[in-house]
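Novice: Sequence and predicted structure are below.
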2 protein chains.
Amino acid sequence: MPPQLASAKVTLDVIKTACSNCNLRELCLPLGLNDLELEKLDEMVSARKRMKRGDHLYHAGQSFDSIYAIRSGFFKTDVLIEDGRDQVTGFQMTGELLGLDGISNETHSCNAVALEDSEVCVIPFSHLEDLSREIYSLQHHFHKVMSREIVRDHGVMMLLGTMRAEERLATFLLNLSQRFTARGFSPAEFNLRMTREEIGSYLGLKLETVSRAFSRFHEEGLIAVQQRHIRILNTPGLKKLMTHQRS
Amino acid sequence: MPPQLASAKVTLDVIKTACSNCNLRELCLPLGLNDLELEKLDEMVSARKRMKRGDHLYHAGQSFDSIYAIRSGFFKTDVLIEDGRDQVTGFQMTGELLGLDGISNETHSCNAVALEDSEVCVIPFSHLEDLSREIYSLQHHFHKVMSREIVRDHGVMMLLGTMRAEERLATFLLNLSQRFTARGFSPAEFNLRMTREEIGSYLGLKLETVSRAFSRFHEEGLIAVQQRHIRILNTPGLKKLMTHQRS
DNA sequence: CAATCACGTTGACGTGGATCAAACGCAGAC
DNA sequence: GTCTGCGTTTGATCCACGTCAACGTGATTG
């Protein structure tokens, strides 16, 4: 039993933010750490923060000092430019990290908004750096997480640069499905947490185009869609669509 | 004078790859390190590698063990998908790092190709991790570099998702100009290292569209363009175009 | 100094998705 | 219950860019 459980008062506090008994260990930062290292990580997570749907976790321009691990819930990140245009840069779910964009110049470069009631673990970045100088596997895992984000972004650039509307939406749905699966949910049935407009913004499309593509998939028997409830009926069909050679 | 200069034989070897006398210190990894730390960094850079135009620094799928700092020259990175489509994900110049995409799963996820004769410093990633556990400022700077890459990618996503052709090209030209300036070259006059097709791929446009946009800018007196030679005549004009509200 | 070749320009035309507009569905307010 | 408002669907039309095709240009080679 970890030493910090000796004191009842501390216990409550620690359990509240402990990575060591969090069921997201395999998705989140603690991946690959041993018990001793996990205990150190527990100390690093300074707090949890509950958020309601619509709340901002941080705003673009706000000064950066922590990254956040999503304990429960669903987020979007978006960037704004002066003339009013904006773009959703990603949707984040349980176990994923938010705030990596802020490291580069101590200022967040995008907004993070909860799309449903959520809870995040607050990880002061300087603590993370301190600890990752001590714990090799934490350091390495963190580097992998940042690199994975870069690779993911390249995938989105590919999608935005070369795919047509239906290919984009198929890719998006399959990606969601795969991430839900990794979290123990159904691969085939889920509720979207975002509006058509947000999907469109992420995929570089207008909401009407997203809606039409959904309807088209429905007609073709690829999915059942009713408002935000999605059931994938023909995964291979969607996959085929995803990498369809252009006419 | 650093101790390793005591031996003539070693000297040659060390000078050949020394960060401490590299004029890119302020652009590259060594940023912010003191002399002592620089010496350690010198040992980390295992070799330099000369490359000819068209050579691949690495291929997608190839196993990852080093990142690369561009000592001189110009590169592109691109991703391929099965059906033959590809997309240029970035153009890299002097002082910038290549290979960060490979960290996530020990495998490169894109190709890196020299667009002119180039030279890179080979940095074995495990050495970098070792050293950044020792040197706080190296660790922090490396994190900033990775984060900056993520922010840059978000900018490209914004460009691909919301901008029209001429806005994209104006943004691209101003970005190049700014990066050339940071390297002591003219902000207004430079030679493109890439083809219209590569520009188009990066910007999510066809080469004809790129060519037409160049011609349009020329007609409007914003730039002078002859093949790959570019002279920017009206920077504010381009900036205005870049953030132009859609009709 | 032709011949070749890769790259770039320009024109004519087609189309995927944007835009504009109307109606619908569902949830929360009262 | 009705009202109100946001999100969604669907249709009609438009236009920016893609596609196809021809030609220009500048570097390389025998």
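Specialist: Looks like it arrived, so ask away. Residues are numbered from 1 along each chain as shown, chains lettered A, B, ... in the order given.
Novice: Could you measure from the residue nearest to the spatial centre of chain A over to B:Ile230?
Specialist: Using C-alpha atoms, centre = their mean, the residue of chain A that lies closest to the mean C-alpha position is A:Gln92, 1.8 Å off. Between A:Gln92 and B:Ile230 the distance, using C-beta to C-beta, to the nearest Å, works out to 39 Å. Every residue, glycine included, has its C-beta placed from N, CA and C.
Novice: Could you count how many residues lie near A:Thr195?
Specialist: When neighbours are counted by other C-beta atoms under 10 Å in any protein chain shown, A:Thr195 registers 13.
Novice: For chain A, which residues are neighbours of DNA strand C?
Specialist: Selection of chain A residues close to DNA strand C by C-beta under 7 Å from any atom of the strand yields A:164-166, A:204-206, A:208-209, A:226-227, A:247.
Novice: Report the buried members of those.
Specialist: Among the residues of chain A next to DNA strand C, the ones that count as buried by 16 or more other C-beta atoms under 10 Å in any protein chain shown are A:165-166, A:204-205, A:209.
Novice: which element follows the lowest-mean-pLDDT helix or strand in chain A toward the C-terminus?
Specialist: Sorting the helices and strands of chain A by mean pLDDT, DSSP states H and E puts helix A:8-17 at the bottom, at a mean of 50. Per DSSP states H and E, helix A:8-17 leads on to helix A:35-44 as the next helix or strand towards the C-terminus.
Novice: longest helix of chain A?
Specialist: Ranked by residue count and defined by DSSP state H, the top helix of chain A is helix A:136-162.
Novice: would you put the C-alpha positions of stretch A:165-179 in PDB?
Specialist: Taking Å, rounded to 0.1, in the frame of the first residue of the first chain, the C-alpha atoms of stretch A:165-179 are listed here in PDB:
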ATOM      1  CA  ALA A 165     -16.500  15.600 -48.700                       C
ATOM      2  CA  GLU A 166     -17.700  12.000 -48.300                       C
ATOM      3  CA  GLU A 167     -14.200  10.700 -47.900                       C
ATOM      4  CA  ARG A 168     -13.600  13.200 -45.200                       C
ATOM      5  CA  LEU A 169     -16.700  12.300 -43.300                       C
ATOM      6  CA  ALA A 170     -16.100   8.600 -43.600                       C
ATOM      7  CA  THR A 171     -12.600   9.000 -42.300                       C
ATOM      8  CA  PHE A 172     -14.000  11.100 -39.400                       C
ATOM      9  CA  LEU A 173     -16.600   8.500 -38.500                       C
ATOM     10  CA  LEU A 174     -14.100   5.600 -38.600                       C
ATOM     11  CA  ASN A 175     -11.700   7.600 -36.500                       C
ATOM     12  CA  LEU A 176     -14.300   8.200 -33.900                       C
ATOM     13  CA  SER A 177     -15.400   4.600 -33.900                       C
ATOM     14  CA  GLN A 178     -11.800   3.500 -33.400                       C
ATOM     15  CA  ARG A 179     -11.300   5.800 -30.500                       C
END
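Novice: Which ones among the residues of chain A next to DNA strand C lie within strands?
Specialist: With strands identified by DSSP state E, the entries of the residues of chain A next to DNA strand C that belong to them are A:Gln226.
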